[in-house]
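Asker: Predicted model, plus sequence, below.
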Amino acid sequence: MGWITPLLLLISSIPERTLSAESAPAFMVATPGKQLVFPSDHGSHPDFRIEWWYITGHLRTKQEARRLGYQATFFRIAQQMAQTPSKPDSKTSQWYLAHMALLDLNEKRFIHQERLHRPPMASAAIQDMDLRHGNWSLKRHEDSVGEHFELVGSVLAEALFKLTLRPTKPLTLFGDNGYSRKGSQEQAASYYMTYTRLETEGSLQLGDKVWQVSGQSWMDHEVSSSQLGKNQVGWDWISIRFNDGYDVMAYRMRTLDGEADPASTLAWVDPEGQLSQQPLSDAMWQPLEYWKSPDTGITYPIKIALNLPLPHSPERGHFRVIPLYSAQEMKGRISGITYWEGACEVLNADNQVVGEAYMELAGYDGRKLTDTLN
Amino acid sequence: MGHGGWSPERELIQQGWPVKPWLKQTFLLGWHVHRRQVIRHPMVSMLFCLIIAIGVASFFSIRLANRAAITGFSLFDRSIGKKPDLVATSPSGRLSITDLEGIQDLMGDRPGVLLPIVETTASEDYEEEVSVPSEQYTLVGLEVTALANLLYHDPDMFSQKARQSLSGANLLDNEEASTDGSILISEALARSTGLVEGDTLRLIIDDQPRDLRVVHVAPDQVFQVSQPASMLFIELSSLQAMLGISDAYDRIELFLPPGPLKKTWLAEIQSKLSAPGLPWIIQTPQGALAAQASMTQAFRLNLTILSGLSLLVGIYLIVQGLDAAVTRQQLEIATLKSLGVTSRAIQSIWLLQGLIMGMVGSILGCVLGWLAAQWLVVSVAATVNALYLKSTQDAAQWHWGEASMAMLLGTAASVIAAWFPARHAASCPAAETFKRHRYEGFMQTLNQPRLGLSLGLIGWLACLMPPWKPTGEPIPAGGYLAALLWVIAATLLTPACFQWFGSRTQDLINSPAALYAASQARRPSSRHLLSVAALTVAVGMAGGMAFMIQSFETTMVGWITHSLRADLYIACKGVINANSQNRIKSETWRALVDHPAVLRGEVGQMFPIQWQGKATFLTGMPEDDPTRWSYPLWLSRPEATSQTQSGLNPLPSAVVSESFQTRFQVRRGDTIKLPTPTGEKEVAIVGVFAEYGNERGTIAVARSLLTTWFNDDRAINVALTLEPDEDPEEVRRDLMATHRGITIRTQSALRAEVLEIFKQTFSVTRVLQWLAILVAVIGLVLSLNTSMHERRLEFQILKHLGMGRWRMAWAVITESLICSWTGFMSGILLALALGWLLVQVINKQCFGWTLITDIPWLNYLQLGLGLTLIASLTTIPMGWWSANQRMHKEE
């Protein structure tokens, strides 16, 4: 899901007055009962304030046993415009923010980049998933085998990856058929659709070397206009692909008093793509170890214990999520927002690796998120 | 110097120098000889150094001023501090959103930040009757969001404060404001104007007064380079909206991110984007800067050559001065030789003297030059602004490279000047020098009129050479060579002229004083000849420039008289030079033309374009029919048949200026393709007109076509002819009261303004001319002074023979007048030759302009009278002093 940046930006982009309920109706809001239609709902929804397409994955090179993690996120943010003499017909303007990150585990190197553009340098098609942000792009295709996605990303002039992602599970619509609640307020909701498993193949250029890579990826697409509660200081989010074919998506909205917001959710997707969901409690998500960023001084709980009810068993699953590399901190030089988002592996109680994950940790700089951004 | 005292030899040996015997000898002798020379004639030594210093200062100051003036071209370079890797511009002057997308598409999966930029000029609103705009601002419209991406390319490229203002929250929060004319100003401007965040700055953009809100005062080094105070940043879309050119850009800058793949990717991108047939021009920043600098290349080269004039004249004077020293020290030389000092050592002593004087003079010259450059840069930048491109009047910075070159040149000139006297000093046999007979000096060997005439002829042949085009812009190398050969020829012919003039004086005036003075001319000393040669060269080159300026002025005045026939001329407020980009919006010019007092209105349109890789202008003519187009001077008028031809041939008609014709080698009957934002347009050339407004050339087509091609009907100016009974001043006041953003000049005011710009253009040239003449006159006076000093014995003999004080003074004055008049007359002949060369060859090849030849006889007469006066006044005391010499004082 990769909430952090879009939400922060959403807040940061809206002047105080437009956060009020009175001004909110300028944008559409997610409502229950809407029937999502594809492929058009894979495309952009410019009438909503914010949406993002988020991909993370674990890759291995074919020639060498090189292990990599990547993140590619495309955001669209609509800004409500005042009518001005220079733009009398202006209503909204679209902004596009994007992140790319790459972890080279063998080299113990994490590189990332952030971009912000307006059209025509960035765009998101309405009819289908077709995103462009400079040389970064994400496009949905259909062929005889089925649908797949082409992703082109780069980080500075250091890395370039071109990946083909094929879903091996059907699209998951979280919440109520895609309507996902994020808080107690009526408008705190989104349309949330995810491919939890995508077979990924392609090439990666790092410096003067080019590798063929393969692995598994996760893709979110979420559309919203308002979903962050005023009492929330941050959140933890994770996506897990277990080796037995099960997948987990869980998020823990952290409130001012340090507890999980009731809207925090745990979702299991079985090997056939069947979804089961329940609220996520504090007891299910326990920090085990912290890491302090030498660059920003922020401390993140990067190792956690998950005590989850299992969908296929009455017992609980006890897992530990261990980052592949500690320093996977995203320092948003443009957005000004810093958070941790990194590739992890999941160990069971017997210390066996049972899955791979991506975890997002936001709002750990000691300030209330909304204060920071406003 | 006692045995126990300091000696250079001891010093050198103590320091462990590997001193060779002859070098030691030379150094020691040089030290003693020149120490004595400096002690006995301190003023003379100082003057030598001063002459070199003036020459070096002149050269150095111009080089620094040129450098400062052209650094202002790189505004794009300085706008955001980080040099782009590539810059895309359009031959039509406008890039579109399609071009932006096209560039992005061609880059494929290679990363890079594309930063589209629009630039325009603006001036502060001012009361027309009260003041004039002092500053022209440059408004740089750029997409701040795109700019923010560079934070990932170089996190340190922005200052901390700028980083804060570029961070997401501020970027997004300010969007609403930024689309309606919010600006970022430099701290330098804030300091000078007292503006603070939240204040409003009223500027005239196009013809509209706009209130721009200062949203941020950036630190001086917002982008780690100092922005000129006149540079303002504004959101791209906001500026586009104000200019009415939505989705059009002046240029697109491309920044590649850092990393090991950057070099390879940049090469790939450059290759792809530079493929033939693409509608844009891709340059590196260095290439773009070089292209802009090449526009002023001829102007700067001319100034540099002119700045060398003083140094050239200085060489003559140094030769003369050192030669005089050789004469004075003949006894010492002979004694040294008798004591066994080798000729080589004697020659080295004088070369050493030249070297030391050159070095001291050059150091002084560099200091003087740097000071002079502070003034010159204003003048050079003003000229560059008026005629070429927007530049900034930066302070001329000290530049070690230029200083080294100036010092090298000054020292070399001094050593070269010392070479001939040194050789002659070395070659004088001891016995002969003891005789102390009149030392002829080496100049006698330059008395070669035949060689002079031959060089003159070779120079004439050099004039016929076509211009040299190393960078595409013409450099009249043949013309410059001819000028040099003619200057040398004049030097070689001067001795003969001087002797002839002396003989004629003796024939014409029979008084003893005149006879004595004429005898000096008939058997001139080396000093006489050199100072006269220096004066010839100075007068020749200064007179030649005056010839060119007078011809240019006469042509310009005639052209302006014919051009300015309307009653009122209208432009946007704040348009102060050729670089101003303000335009009059169509609603404004239509209202002006439709005013009831107006009989006829002519709307001028102009777009800078690139044709065949060179900058030129495309202008619009009011009528569609080329035979009705009006130009003051046609070199080849569109014929009535061209209308018929154009009926047969669907190509639109165009006329070109003479400069365009020369620069691009086109002629009537040719068809050319013009780049426009709506694609290439083919036109047929049906006429050629004379124009002196720019040397980049102009193509004129019907304005109706231009408006369609550029999708822009803004006017650069409007000329109004009023109904017969209307009072221009009254109509002017009426129009200005209605339209706040325009300025209206009457015909006479505009004429005066144009001529003022013309004068400003040549202001530096005039200073350099006078400097050369000043150096020459100093040399002449110095030479005569030395000569008198050497001939003290002669004067005393004349006194004993009964020549009175007044007569003796008259003899000295006559001698001085013969020298100055010979130099003046020879100089005028050289001036006429050089003037012709400048007007007919150098100017023609540089700028492609046909000028009316107009010799500044009055200026020459004034110069002649001035020289006569100076020569007389400065030599009267000398004559008086000579007459008062007493025998017992002679050594």
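Answerer: Right, received. Where do you want to start? Numbers count the residues shown, from 1 in each chain, chains lettered A, B, ... in the order given.
Asker: How about the contacts made by the closest residue to A:Arg181 other than its chain neighbours?
Answerer: Computed as Cβ to Cβ, 6 or more residues apart in numbering or on different chains, the closest residue to A:Arg181 that is not its neighbour in sequence is A:Ala189, at 4.9 Å. Quick note: C-beta positions are derived from backbone N, CA and C, even for glycine. Going by Cβ atoms under 8 Å, 6 or more residues apart in numbering or on different chains, A:Ala189 touches A:Val29, A:Ala30, A:Thr31, A:Pro32, A:Gly175, A:Tyr179, A:Ser180, A:Arg181, A:Lys182, A:Ser224, A:Gln227.
Asker: Report the beta-bridge partners for A:Ala189.
Answerer: A:Ala189 has these beta-bridge partners by DSSP bridges: A:Arg181, A:Ser226.
Asker: Is A:Arg333 in contact with B:Leu151, as I believe?
Answerer: Yes: with contact defined as Cβ atoms under 8 Å, A:Arg333 reaches B:Leu151; the gap is 4.2 Å.
Asker: low-scoring stretches of the stretch 101-250 of chain A, by residue?
Answerer: A:227-229 (pLDDT under 70).
Asker: name the element whatever residue of chain A ends up closest to chain B belongs to?
Answerer: Relative to chain B, the nearest point of chain A is A:Ala157 (3.0 Å; Cβ to the nearest Cβ). For A:Ala157, there is no enclosing helix or strand under DSSP states H and E.
Asker: Could you check how far the closest residue to it other than its chain neighbours is from B:Ser872?
Answerer: For A:Ala157, ignoring the flanking residues on the chain, the nearest one in space by Cβ to Cβ, 6+ apart is B:Gly259 at 3.0 Å. Using Cβ to Cβ, to the nearest Å, B:Gly259 is found at 76 Å from B:Ser872.
Asker: Please identify which of the two sits among more neighbours.
Answerer: Looking at B:Gly259 and B:Ser872 with other Cβ atoms under 10 Å in any protein chain shown, you find the greater number of neighbours at B:Gly259, namely 19 against 16.
Asker: helix/strand/coil for the more buried one?
Answerer: The three-state assignment at B:Gly259 reads coil, by DSSP: H, G, I helix; E, B strand; the rest coil.
Asker: quick one, what contacts it?
Answerer: So B:Gly259 contacts A:Leu156, A:Ala157, A:Glu158 (Cβ under 8 Å, 6+ apart).
Asker: isn't the second one right up against B:Pro260?
Answerer: Yes: judged on Cβ under 8 Å, A:Ala157 makes contact with B:Pro260 at a distance of 6.8 Å.
Asker: residue contacts, A:Glu147?
Answerer: A:Glu147 neighbours (Cβ under 8 Å, 6+ apart): A:Pro39, A:Arg140, A:His141, A:Arg166, A:Pro167.
Asker: if I look at it, how far off is B:Ala267?
Answerer: Counting by Cβ to Cβ, the gap from A:Glu147 to B:Ala267 is 37 Å.
Asker: what are the ranges of the helices in the stretch 51-200 of chain A?
Answerer: Secondary structure of the stretch 51-200 of chain A (DSSP state H, counting those that start in this stretch): no helices present.
Asker: now the strands for it?
Answerer: Using DSSP state E, counting those that start in this stretch, the strands of the stretch 51-200 of chain A run over A:67-80, A:92-104, A:109-117, A:122-124, A:130-133, A:136-142, A:147-155, A:159-167, A:172-173, A:179-181, A:189-206.
Asker: For chain A, what's the nearest residue on chain B?
Answerer: B:Gly259 (3.0 Å).
Asker: Poorly predicted segments of the stretch 551-700 of chain B, please.
Answerer: Checking the stretch 551-700 of chain B against pLDDT under 70 turns up B:574-581, B:632, B:641-649, B:693-694.
Asker: run the last query once more with 90
Answerer: For the stretch 551-700 of chain B, the stretches with pLDDT under 90 are B:551-588, B:593, B:599-617, B:619-651, B:657-665, B:667-669, B:677-680, B:689-698.
Asker: about what we covered before: can you lay out the contacts of B:Gly259 as TSV showing distance to B:Gly340?
Answerer: Compiled in TSV, the contacts of B:Gly259 are given as follows (distance: Cβ to Cβ, whole Å):
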residue	distance to B:Gly340
A:Leu156	76
A:Ala157	74
A:Glu158	76
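Asker: Closest to B:Ala372 out of the residues you listed?
Answerer: Nearest to B:Ala372 out of these is A:Ala157 (Cβ to Cβ; 46.8 Å).
Asker: Give me the phi and psi for the closest one.
Answerer: Main-chain dihedrals, A:Ala157, degrees, to the nearest 10: phi -100, psi 40.
Asker: Just give me the neighbour total for it.
Answerer: 22.
Asker: residues contacting it?
Answerer: B:Pro111, B:Leu256, B:Pro257, B:Pro258, B:Gly259, B:Pro260, B:Leu261, B:Lys262, B:Trp265.
Asker: before we move on, back to that, could you measure the residue nearest to A:Arg181 against A:Leu171, distance?
Answerer: A:Ala189 is 19 Å from A:Leu171, by Cβ to Cβ.
Asker: before we move on, what about B:Gly108?
Answerer: For B:Gly108, the distance to A:Leu171 - Cβ to Cβ - is 30 Å.
Asker: And B:Ala654, by the same measure?
Answerer: B:Ala654 is 62 Å from A:Leu171, by Cβ to Cβ.
Asker: same deal with A:Asp365?
Answerer: 35 Å.
Asker: How far off centre is the host helix or strand of B:Val38?
Answerer: Here B:Val38, judged by DSSP H and E, is contained in helix B:21-40. Here helix B:21-40 is found 42 Å from its chain centre; the criterion is Cα atoms, centre = their mean, to the nearest Å.
Asker: repeat for stretch B:724-741
Answerer: Counting by Cα atoms, centre = their mean, stretch B:724-741 comes out at 39 Å from the chain centroid.
Asker: What lies in contact with it?
Answerer: B:125, B:128, B:204, B:206-209, B:567-568, B:570, B:572-573, B:588, B:591-592, B:595, B:597-599, B:720, B:722, B:742-744, B:746-747.
Asker: Which of these fall in helices?
Answerer: Cross-referencing those against helices under DSSP state H gives B:Thr588, B:Ala591, B:Leu592, B:Gln747.
Asker: Write a ChimeraX command that selects only the buried members of these.
Answerer: A single ChimeraX command selects the buried members of the ones in helices among the contacts of stretch B:724-741 (16 or more other Cβ atoms under 10 Å in any protein chain shown):
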select /B:588,592,747
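Asker: Could you dump the ones in helices among the contacts of stretch B:724-741 into CSV with distance to chain A added?
Answerer: Below are the ones in helices among the contacts of stretch B:724-741 laid out as CSV (distance: Cβ to the nearest Cβ, whole Å):
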residue, distance to chain A
B:Thr588, 17
B:Ala591, 20
B:Leu592, 23
B:Gln747, 37
